[in-house]
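Engineer: My questions concern the predicted model and sequence given below.
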Amino acid sequence: QVQLVESGGGLVQAGGSLRLSCAASGSIFSINAMGWFRQAPGKEREFVAAINWSGGSTYYADSVKGRFTISRDNNKNTVSLQLQMNSLKPEDTAVYYCAADPGGSYYQVSLYHYWGQGTQVTVSS
């Protein structure tokens, strides 16, 4: 099993920045890639960004490309995932979830095995 704990959400004005973090523990050797997803009220959970095990490949939703940056640090017993969010817009408001170990496409919600509890990001206009 893998445990994921997010932190770093909050309230920010449009144009501002936030940095989300996710700490992974447990059977981290089983983690292939990790990603960030978000879910706004009344909407389905959607892909935001993903990164492979080595950190050498990253993937972004078109809506965040050029504004968000995903990164990770692999340590002996933990893995840390970050999402640097710049130039935030009101439409970025959502609960952001960290996820790990996709079985196939990095973009598909259903293929991620492990999920964090989510952290709220609110961008005011």
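Structural biologist: Sure thing, it's come through.

Engineer: Closest to the centroid, which residue in the protein?
Structural biologist: Trp36 (2.1 Å; Cα atoms, centre = their mean).

Engineer: Now that residue: closest residue in space that isn't a chain neighbour?
Structural biologist: Spatial nearest neighbour of Trp36, excluding adjacent residues (Cβ to Cβ, 6 or more residues apart in numbering): Val48 at 4.3 Å. Yep, even glycine has a C-beta here, placed from its N, CA and C like the rest.

Engineer: Can you list the strands that the helix or strand in which that neighbour is found pairs with?
Structural biologist: According to DSSP states H and E, Val48 maps onto strand 46-51. Strand pairing for strand 46-51, using DSSP bridges, gives strand 34-39 (antiparallel), strand 58-60 (antiparallel).

Engineer: sorry, back to before: tell me who's in contact with the residue nearest to Trp36.
Structural biologist: Contact partners of Val48, counting by Cβ atoms under 8 Å, 6 or more residues apart in numbering, are Gly35, Trp36, Phe37, Arg38, Tyr60, Ala61, Val64, Phe68, Leu83, Tyr96.

Engineer: and if we set it to 10 Å?
Structural biologist: 20, 35-38, 59-61, 63-64, 68, 70, 83, 85, 92, 94, 96-97, 99, 107 (Cβ atoms under 10 Å, 6 or more residues apart in numbering).

Engineer: again, but for Gly103
Structural biologist: Contact analysis of Gly103 by Cβ under 10 Å, 6+ apart lists Asn32, Ser110, Leu111, Tyr112, His113.

Engineer: Serialize the residues you listed to TSV and add fields for pLDDT.
Structural biologist: Listed next are the contacts of Gly103 as TSV, based on pLDDT from 0 to 100:
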residue	pLDDT
Asn32	86
Ser110	92
Leu111	91
Tyr112	94
His113	93
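
Engineer: This completes my enquiry, with thanks.
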